Structure formats: structure tokens, C-alpha cells
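Colleague: need a structure here:
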Amino acid sequence: MNDKFEPRAQTANYEDVWLVAGVRTPFADYMSVLSGVSATDLGIHVARALFERTGVPASDVDSVVAGNVAQSSFDAFYLPRHIGLYSGVPLGVPALLVHRLCGTGFETILTAADQIALGKAKLVLCVGTESMSRNPVAAYSHRSGFKMGQVEFKDFLWEATLDTASNTRMGETAENLARHYGITRPEVDRFAEQSFERAALGWSSGFLAGEVAGVTSQTWNLEGYQARGIKLPRSVARFERDEHVKTSPFDVLQGLRPAFGKDGVQTGGNSSAIVDGAAGVLVASGSYVRAHGLRPLARVVAGASVGVPPEIMGIGPVPAIRAVLAAARVQQRDVARFEINEAFGAQYLAVEKELELERSRVNVHGGAIAIGHPLAASGVRLTTTVARELEQTQGEFAISSACAGGGQGIAVLLRRAA
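Modeller: Presented below is the predicted three-dimensional model:
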């Protein structure tokens, strides 16, 4: 394992950029209630909910930045444009798609911050959206026909977990970290049990409900253009709670088989859940916030992205967090809350050990093991959640962060609005 690498971070500081508000769909289990809904339509739903909740007019938006990792419909090329148009953003406003694998949601926010800092926009709609259920079964070599015995349609969702540079699946990178840091299966299962417990408490306390906009069957009309919308299964009138959050005791988790070799520590129970969902935020300039009397969630202080060796991709939050703190000249001890994506239990624990994090300040309302990881949506969810936690605790600084397949890390530093 190559752990002697030199991180080369891209960082940026922001003086007057604000996270106004955020909202998300409930996250649905793989092939469940949202499996018939495209990522585009999930994104439209959260964008419309965001405008409705905040009272910020869609007509004020200067830019749309959307993130999506795996195309889930034949009109996926148009995803950011359609999210803008069908949520009420003016026809003349441009839209952009960004992609940094598991860091994509964070990238929507940092791209918006860049646009505002450059004077290109005052108000940006950011949406991360993913339908894991609608990942295609695909073939890339058959346009010219088939050769006898060489028909190669494959499950894109499974094949995409293999990094062909290092020849490691994402779960195997977590196993590499487990061996390097001496992380045991009981440690990983205890952490997963805690993630589920915290998420369940997050729902029973009402905290997680505060960031969720329930999904119903609906139609959106756009004058002069085709209508589109969401159609849920007949038995579902409204979907409004994260589906994967459930009681998961240690003894049950211990009974699951390892997913990546018989001596591995990762299982389906202590890895991030495969779910469908979307999340959106509004990012604005200080001048827009003050002119409209808005009370934002937090100020976007800085962002950082960095590369790490592909075979230990899960360590990415470590150099990203260090880089964003250094860029802003903030001490780690001054960060009240962290939200670090739980791609895999061992991956999170490696980050925790390396940064010497206090568990009481991290993922306090559960993480992706319990709630799920809809790739492009996760960064937007994590950043919204940690901003709301700042407000709840009256802490000063917060960080959201994640690793990304291929060997990257990304982090966003927030400061509580006064």
C-alpha cells in the first residue's frame, strides 16, 4: 500500500459566500419506492421544495450547478438544464453538470462559491441527485454488432466499483485501510451499530425530518414544453422517511458474511447503504443575502480537494480536511461538528484514527451506513446537515468531507452565521 504520498491540494477561501438553506428527499433503499424515478426528477423535486420552503424566488437564480455520477435515464445529458427549467429558474439562466464521483455534491457547492467569488452570480441553485436503482445494464463495444459468444452486457453499478488503475474494488480499499490501521471486524460493526442508533435518534428527535421534503406523485407543467413529473407505486401516497434507518444490533451485524474475502471486515451491514435520493442547497453572495433580509445557515469559508493513492482512496478526507483548515488558518480543535461520509466503516475509522477525531463531534445524527450514500447527493446532504448542527449547537466552525473513488478527498469548511 502506498501511504507515502505527497498531497497536492486545490484550496480556495471565500469572504462573503453563504449557504442559505438546504433540503433533501428521504433516501429510499435500492430497488424500492423511488426506483422508477429518474435522477433528474428527484433533482427537480428538491429544487422546487427548496424554493417553496425558503420563499426565495426561482426567478432570482443566476446559475444552476447540478451533480450526478451515473446516468439513469436517456435524457440524462439534459439533467442540470431540466432541473433548472422545471423548478422555475428563468429560461435564460445557464446550467452546469459537475462530477467528482463521491465528492460531486461538495463540488456543486464549491463551484457555486467560485462563481459568486468571481462575480459571475449572486444566487446559485446547487443540486446533487442519484438513482442507484436505475444504473443501467450496459455494453460499450457492440455498436458495430456482436461476435459469436462475445455478448458482454454488464451491470454498470457493480462494474463501476472496480478501479481499473489499481485493480481494486472500492470495498477492497477499505480492507487495505483496515489492515494498515489494525481495524478489527468488531470495531467496524460497533461503529455501524452506532451509526444506525444515531440516525434512528435523529429521526425520533425530529432533527432529520427538518431537512427532508417528502415525495409524492406529481406533475410539472412548463409552458410550451413537455410536462414531466414523479409517479410513485400505487401503494405509496407519500414517501417521507429514510428507508434504510432501522435497528441494527451488534449481534445481528456480526452474523453477516464479509463482502471482500473471508477474513475481511466489511459487510453489507457496515458499508454505506445503496439508496436513491437527491439534495439541494441555495448558495448566495453576501450582497444578495443582505438585500433580501435572509437568515442563512452558514458562511462558506473554504474548500479543498486533493488526490490520494487509489488503493487507499478512503483516506481522502484526511489530507482534504488538513488542507482546508490550513487554508483558512483554523485549528481542528475549533471545529464543533464534522460530517464525514461513511463510505465504509473501516474507511471512516481509519480517518478518525489518523486525525484523532472525537467521535462525539462527528456524524452525530448517523451517517451513510444507516442513511445511505446516493453518490452525487451525499455531499449536499452532509453539508446541509453539518450547517444545521452548527445552528443547533451554536458552535463556530463545521466541516463536511468525503473520500472519492479513484483516490480523492474533498472538504468544505463552514462558519455559523451570526
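
Colleague: can you pull out the strands in the stretch 1-150 of the chain?
Modeller: Here the stretch 1-150 of the chain has its strands, by DSSP state E, counting those that start in this stretch, at 10-13, 17-24, 28-29, 63-67, 95-98, 123-130, 137-138.

Colleague: let me know the outermost residue of the chain.
Modeller: Met148 (42.0 Å; CA atoms, centre = their mean).

Colleague: for Cys126, which non-adjacent residue is spatially closest?
Modeller: Thr108 (4.0 Å; CB to CB, 6 or more residues apart in numbering). For the C-beta atoms, the positions are set from N, CA and C on the backbone; glycine is no exception.

Colleague: my guess is that neighbour contacts Val380, does it?
Modeller: Yes. Applying CB atoms under 8 Å, one finds Thr108 in contact with Val380, separated by 6.4 Å.

Colleague: now list whatever residues contact both of those two.
Modeller: Listed contacts common to Thr108 and Val380 are Gly67, Cys126, Val127, Gly128, Val281; contacts here mean CB atoms under 8 Å, 6 or more residues apart in numbering.

Colleague: now which of those residues would you call buried?
Modeller: When neighbours are counted using 16 or more other CB atoms under 10 Å, the shared contacts of Thr108 and Val380 contain these buried positions: Gly67, Cys126, Val127, Gly128, Val281.

Colleague: how many neighbouring residues does Ala368 have?
Modeller: Ala368: 29 surrounding residues under other CB atoms under 10 Å.

Colleague: returning to that earlier point: Thr108 and Val380: who's more crowded?
Modeller: Thr108 (35 against 30).

Colleague: just to revisit the earlier point, out of the shared contacts of Thr108 and Val380, which comes closest to Val308?
Modeller: Gly67 (20.6 Å; CB to CB).

Colleague: and the shared contacts of Thr108 and Val380 as JSON lines, adding pLDDT?
Modeller: Below are the shared contacts of Thr108 and Val380 laid out as JSON lines (pLDDT from 0 to 100):
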{"residue": "Gly67", "pLDDT": "98"}
{"residue": "Cys126", "pLDDT": "99"}
{"residue": "Val127", "pLDDT": "99"}
{"residue": "Gly128", "pLDDT": "99"}
{"residue": "Val281", "pLDDT": "99"}
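
Colleague: let's have those residues in a markdown table, adding distance to Ser217.
Modeller: Listed next are those as a markdown table, based on distance: CB to CB, whole Å:
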| residue | distance to Ser217 |
| --- | --- |
| Gly67 | 25 |
| Cys126 | 26 |
| Val127 | 20 |
| Gly128 | 23 |
| Val281 | 25 |
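
Colleague: biggest separation within the residues you listed, which pair?
Modeller: The widest separation within the shared contacts of Thr108 and Val380 (CB to CB) is 11.3 Å, between Gly67 and Val281.

Colleague: find residues that contact each of those two.
Modeller: Common neighbours of Gly67 and Val281 (CB under 8 Å, 6+ apart) are Thr108, Cys126, Val380.

Colleague: so Gln254 makes contact with Asp189?
Modeller: Yes. Look at Gln254 against Asp189 with CB under 8 Å: they come within range, at 5.5 Å.

Colleague: more neighbours: which of these two?
Modeller: Between Gln254 and Asp189, counted using other CB under 10 Å, Asp189 has the larger neighbour count: 24 against 15.

Colleague: for that one, which non-adjacent residue is closest in space?
Modeller: In space, Asp189 is closest to Leu253, 4.2 Å off (CB to CB, 6+ apart).
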